[in-house]
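1. 3D model of this:
(chains A and B)
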There are 2 protein chains.
Amino acid sequence: MIHPLSILSEEETNLARDVVRAAHPNTVIDFREIYLQEPPKAQLLEFLAIEHAGRLSPTTPQPPRLALCQYDVIGSDRIPSYEESVVDIVARSRVHHTVVGKQHHAALTLSEFDTLVDQCMKSPLFQQALADFDLPEGFEVVIEPWPYGGLDSTEDNRRYFQALCFAQDKRSGNADSNFYSFPLPVIPVMDAHTQQIIRVDRPATGGKGDGLVEQTFKRDIIGHCKPSEYVPELLPEGTRKDLKPLNVVQPEGPSFRVTNESLVEWQKWRFRVAFNPREGATIHDIWYDGRSVMHRLAISEMTVPYADPRPPFHRKQAFDFGDGGGGNMANNLSLGCDCLGVIKYLDAVITQPDGTAQKLPNAICLHEQDNGIGWKHSNWRTGRAVVTRNREFVVQFIITLANYEYIFAYKFDQSGGITVEARATGILNVVNIDAGKVSEYGNVVSGGVLAQNHQHIFCVRIDPAIDGQNNSVIVEESHPVPMNAMTNPNGNFYKVTKETVQRASWIDAAPQLNRTIKMVNPHKKNPISGNNVGYKFIPLATQTLLADPESVQARRAQFAQHHVWVTKHRENEFYAGGRYTLQSQIEVGGVADAVRRGESVEDTDVVVWNTFGITHNPRVEDWPVMPVEIFQLMIRPADFFVANPSIDVPSNKNGSSRLADSECCRKAHI
Amino acid sequence: MIHPLSILSEEETNLARDVVRAAHPNTVIDFREIYLQEPPKAQLLEFLAIEHAGRLSPTTPQPPRLALCQYDVIGSDRIPSYEESVVDIVARSRVHHTVVGKQHHAALTLSEFDTLVDQCMKSPLFQQALADFDLPEGFEVVIEPWPYGGLDSTEDNRRYFQALCFAQDKRSGNADSNFYSFPLPVIPVMDAHTQQIIRVDRPATGGKGDGLVEQTFKRDIIGHCKPSEYVPELLPEGTRKDLKPLNVVQPEGPSFRVTNESLVEWQKWRFRVAFNPREGATIHDIWYDGRSVMHRLAISEMTVPYADPRPPFHRKQAFDFGDGGGGNMANNLSLGCDCLGVIKYLDAVITQPDGTAQKLPNAICLHEQDNGIGWKHSNWRTGRAVVTRNREFVVQFIITLANYEYIFAYKFDQSGGITVEARATGILNVVNIDAGKVSEYGNVVSGGVLAQNHQHIFCVRIDPAIDGQNNSVIVEESHPVPMNAMTNPNGNFYKVTKETVQRASWIDAAPQLNRTIKMVNPHKKNPISGNNVGYKFIPLATQTLLADPESVQARRAQFAQHHVWVTKHRENEFYAGGRYTLQSQIEVGGVADAVRRGESVEDTDVVVWNTFGITHNPRVEDWPVMPVEIFQLMIRPADFFVANPSIDVPSNKNGSSRLADSECCRKAHI
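-> Residues are numbered from 1 along each chain as shown, chains lettered A, B, ... in the order given. Prediction:
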């Protein structure tokens, strides 16, 4: 039996493709995505209730198995019509069809990027622009396709792409020689409908005091740039030799089980891992020891706005999930030493331009890791120390977006906690700056290379199901209380306040008040404390979007302007920045719109969104590949359990490590 | 040759003891501490300069080798005189002597705690108080000694201790049965000079609405309390069986070297590890690849104020470093599975009441660990992924303070970063609450057990030495800029401001401005960016001290009221909360006083202090032993290097883990 949350197989994907093709006879269709449209929540919950009761049988009613198909129908004028169909896989029929409307754009595809590269090379306009430069012998131009960003208000809302350009030193014959260290100040723009390069933007290359548009570049455009290699064989001094191996071995195998493709069981946790081309790995139906914790957990969106005011850099703003799909960009994780220990990989399925399914192998990895001490207490009277390790289970995927990479992990621990982690790494997006200049728009990280200031702002979507679907959200704060004879005679008291969120709204982080967001079941009390059972998190007080609220950057990324959004669940409302972000001018159907509905969010199917990020004013140390910056949203039980759930973790000494210890110390003479 | 930063050996300690004894003939001396008084900085720097130049020789002038001896001289009236002597170890003579003054108290010693336990048991007053309770058959009273906290203004400043009391179920015969789950509402107070129990405080046990002092307890005082065990053999269901081993093995040994007792070299890092009874492990003379980064790094102080306003709970405020000594309370780390992999332990030396040295074995552990991906980039054109692991080197010590434990780690990474980590674990400090009641002063975490709201506030002292001793501190912020035609035509620009701190001052965290503290060398610029070379951190915006500023809790913990303090270095000014915290009524000689001096801190020997912590309103899940809460101060290079220092870390696949993988997956059928 296919579980209703299992991703579409290749066969199902191809079946959906055939249904869509048949619905559009004699038409050219350019497919964007075909993936599981999750079943209507009510029907899914019915099924899950039967599943958790252990009463699944061949006659259990299955929610519909639906494929969401997004595609362009290419008309004779080459202006595509962006349409969406929902196909019932079992019935092999289309059950829903929408023409999305021209104000929205379909997500980009890699084939459009390929077209952009080809068209640049063929473009006389682009070649003419390049003729302003003298590239050294052996260098060739490299085209880095990018989404166009938010449209200026004066522009027609056609479909555009822009290309950032670099030069690559081909003399080593190594195709991985780092071209980002040789940026070229030309940005060709393609009209995706006509597939023509319509313009080549010429960003300024000046420094402090040079104004926003003045052209000050030299013909010898990369003469002041330096190689900045990262592949080991191109490092001038090779890799370091003094790092000895550190091996993680699990001689008895891992402590987790994966069954039915997607069902993970580990240390009293039980959940399903799915994947879609937009959000990447998603976690569903999360239970702990027979109790429901969350219905769905996902990285919903992220935006990376750049702060260089010189046109056209204001259009450098990626929505890495909405524009191209975080899942589409997922790495094959077996192609690098991404994790230690015993790894279980899960494959995913994405869609080719003709609608045919393509396996994305090893898109998700599952593994256990050790995260230091879990809990410890020493009884000083007896000298007895009891100490446990903090074992974590990790669901990880990694996406590459041209120069940058993000490593996302859902980490489950033995104490009932869930941590959503994002690591930013990869190569900074950089532009050319004249020799000897510095800029207030970024930092010079290599000769002639300006790394522009920017932000990375993530949003995690939490659909809690604390012992059931109807939950409330409480804002808990700790407030000082002035010294007074009645309630605070010695001034040490502080007051903990709790307020239930009544209507959909946003809430900002307030660390000075220890503001904490609690998701609780209003109908169930902890038998010990009498508080409602719940899970909590302290929203990270990271800087929100800095762009002027009236700017296009800000208008299209309203989710990035507050830390927490509380909304009422609505079918298929998964995306913080709205469903259609590519080239958007304003956020439509995102969290801000959901909040504007003003629905009651008390004792209902509530959704909580958490925005966090980094203002990244680059360091020289971030070049040529940036050491990971780590962000963690820690979601922890708060009176959900009747005691520390990890109190029964064994506290045995790890003999193998210990054995290695004495031997190795002798060997190493330490 | 003994390095000037090496801790005093047992022999040196005993020699200092003898010198002090000889200076106080015919007198009873109660020793508190004998430990290295670090050499005057100027002399130390001279020595270190010669050392780093590789010119050490037997004739190199050595800074004086000094022992700081703290002790009470017990007069005939039994009122001790708290005195400090500095002994020159080489000259075997006392070079300095101070009578501290009666407004300050020497740090507590475990022998005073022993006295308190004895005196309680003998005290008719205490026995009389206990007579109000009926303890069940098989239960015995346990005395938990505590510092007295800040004196009320009406009290004589004698030396007091208080005892929190519990009952232990002796029927299992297991001495580690958890007595904290049976709290008794009596707090005997001892005058340490007379060693008499002078009073038994009777805290209220009521709940909401019950007022601050009303006595509402029942004779059957723990009849509503429940066992809450944590030692594995007492767990009703034993430990879980489904956790398979995860072993860290280093077949070629570790990548670090320890020479000359204290010199650590690892992956271009070079520093010394020392230890003192107050701060625990301290890190000195930190260099990376031949360049100086910091002169000294230590956990300076921490305070744990409790928020229950009912007397005498306002006196529950520990200064865990100043009151008893973080180092004195350090665990023997080989007595538990504290770390995985190859561990090197360092011993420390503490002082017995008669001044005799006592080895504290395995007080510090050194090891390497893996912290996930270090950096990664995939070239989507070629499919080539280059990915490195993030190896860390950890200097760790763990302290036990009665019920609580803290795990402190200095973590060095391959990208030039230093992370100071504190993990809070152990057992909550709890009090009795009447059956069926709840309280606004804390959370009921077990039958009859109220865990009071409290804060843990840490302070890390950083003595930077960025390419030399004379450094400046820059506050860097990112500010929005309103859209305007001249500088921000599209509204995406934000402005990065930098201001040099000129006079000693405090600075609060301001995440909404991305406020970043940079420690820079004002005389040296990064050759690539042109910025001053530096290290930076973003102060964690955790809640500062909540107590009323006029309360004793607040007056004695001024360091806990702001996130960052910038001061000018002064000899032996190491302690954020002042040198004498035990029973203090006001912070003396701490960071607030240092700031009040108003010295210039530009281009000089500057010290930076960072305060962070947690407002801990306990969860039921924190009981009976609390899962670690983790805090990290991340100090990162900021244009100190000319590129990512970890770019040369090898990116080889880890074969051993990989081999295990396929075998184990087969075995485990995943």
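
2. most proximal residue of the stretch 151-300 of chain A with respect to chain B?
-> Proximity to chain B, evaluated over the stretch 151-300 of chain A using C-beta to the nearest C-beta, is greatest for residue A:253 at 3.4 Å. Using the backbone N, CA and C atoms, a C-beta is placed for each residue, glycine as well.

3. so how far is residue A:344 from that residue?
-> Distance, residue A:253 to residue A:344, by C-beta to C-beta, to the nearest Å: 10 Å.

4. one more: residue A:633?
-> 24 Å.

5. tell me where chain A has helices.
-> A:10-23, A:41-52, A:110-122, A:124-130, A:552-555, A:591-596, A:655-668 (DSSP state H).

6. which one of these is the most hemmed in?
-> Mean neighbour count, computed with mean count of other C-beta atoms under 10 Å in any protein chain shown, is highest for helix A:552-555 among the helices of chain A, reaching a mean of 24.

7. looking at the stretch 351-500 of chain A, which residue is nearest chain B?
-> Of all residues in the stretch 351-500 of chain A, the one sitting closest to chain B is residue A:491 (2.6 Å; C-beta to the nearest C-beta).

8. isn't that residue up against residue B:545?
-> No - using C-beta atoms under 8 Å, residue A:491 is not in contact with residue B:545, being 10.7 Å away.

9. between those two, which contacts overlap?
-> Shared contacts of residue A:491 and residue B:545 (C-beta atoms under 8 Å, 6 or more residues apart in numbering or on different chains): B:553-554.

10. centroid residue for chain A?
-> Closest residue to the average C-alpha location of chain A: residue A:299 at 5.0 Å, with C-alpha atoms, centre = their mean.

11. so who does the closest residue to residue A:183 other than its chain neighbours touch?
-> Spatial nearest neighbour of residue A:183, chain neighbours left out: residue A:432 (4.3 Å); criterion: C-beta to C-beta, 6 or more residues apart in numbering or on different chains. Each residue near residue A:432 by C-beta under 8 Å, 6+ apart is listed here: A:183-185, A:205, A:217, A:221-222, A:225, A:448-450.

12. got it, and residue A:92?
-> A:15, A:19.

13. can you do 6 Å?
-> Applying C-beta atoms under 6 Å, 6 or more residues apart in numbering or on different chains, we find residue A:92 in contact with no residue.

14. relative to its centroid, which residue of chain A is most remote?
-> The outermost residue of chain A relative to its centre, with distances by C-alpha atoms, centre = their mean, is residue A:485 at 51.9 Å.

15. give me the pLDDT value at it.
-> For residue A:485, the model assigns a pLDDT of 96.

16. got phi/psi on it?
-> Per-residue torsions, residue A:485: phi -60, psi -30 (degrees, to the nearest 10).

17. put together JSON lines for the contacts of residue A:432, with pLDDT on each row.
-> Listed next are the contacts of residue A:432 as JSON lines, based on pLDDT from 0 to 100:
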{"residue": "A:183", "pLDDT": "98"}
{"residue": "A:184", "pLDDT": "98"}
{"residue": "A:185", "pLDDT": "98"}
{"residue": "A:205", "pLDDT": "98"}
{"residue": "A:217", "pLDDT": "97"}
{"residue": "A:221", "pLDDT": "98"}
{"residue": "A:222", "pLDDT": "98"}
{"residue": "A:225", "pLDDT": "98"}
{"residue": "A:448", "pLDDT": "97"}
{"residue": "A:449", "pLDDT": "98"}
{"residue": "A:450", "pLDDT": "98"}
